[in-house]
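Peer 1: I'd like to go over a predicted model; first the sequence, then the structure.
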Amino acid sequence: MSRRKQGLVPEDDEPELDISSLIDVCFLLLIYFMVTATIQPRESDLGMTLPSQAPSDTPPEISPMLIEIQDDGSIMVNKEERLDLAATGQKRNLPLLEARLGIYKDGATAANTDPLVQVAVRGEAPHQSVIDVLNCLVGLEIQKVTFTDFSNN
């Protein structure tokens, strides 16, 4: 009878890695970033009053402010006053529009009414300019905002 050679069992050449400690570190980093993150409200979370379907019988005591956003992103107020050409800074501020809206809001408060703003957007206007104007309105806590169409103007 022939003898069979019993060879050594070949060992795996690839080393094993214990990743249980890496999983713990990942969870710790996840918890750290969740705790230290600042939550900023999105535009959809901001409350704005929408107009009703039927027009009201009583006209407002103070005339509404018309903000036009032009094709190049510049902003016109009441068809006569050209304000900011574009938003500036990291938070995309519109300082001239904020100042003008602040004056309008103070006048409406003095007249004991809520400020009413109409926003008209040209067809080629950048979307970011519309968001910048809405953020400016929210920053001043103006909630009565209506979008108008240029076909009536």
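Peer 2: Perfect, I can see it now. Numbering: from 1, shown residues only.
Peer 1: gap between the worst-scoring helix or strand of the chain on mean pLDDT and the chain center?
Peer 2: In the chain, no helix or strand scores lower on mean pLDDT, DSSP states H and E than strand 81-82, which sits at a mean of 73. Put simply, strand 81-82 sits 25 Å off its chain's centre (C-alpha atoms, centre = their mean, to the nearest Å).
Peer 1: helix/strand/coil for L101?
Peer 2: helix (DSSP: H, G, I helix; E, B strand; the rest coil).
Peer 1: Wait, it touches V145, no?
Peer 2: No - the pair L101 and V145 fails to qualify as a contact (C-beta atoms under 8 Å) at a distance of 11.1 Å. Yep, even glycine has a C-beta here, placed from its N, CA and C like the rest.
Peer 1: Mind checking which of these two has more residues around it?
Peer 2: L101 (23 against 20; other C-beta atoms under 10 Å).
Peer 1: Count residues in the vicinity of the closest residue in space to that one that isn't next to it in sequence, would you?
Peer 2: Residue nearest to L101 in three dimensions, not counting chain neighbours: L140, with 5.3 Å by C-beta to C-beta, 6 or more residues apart in numbering. Residues within reach of L140, counting by other C-beta under 10 Å, total 16.
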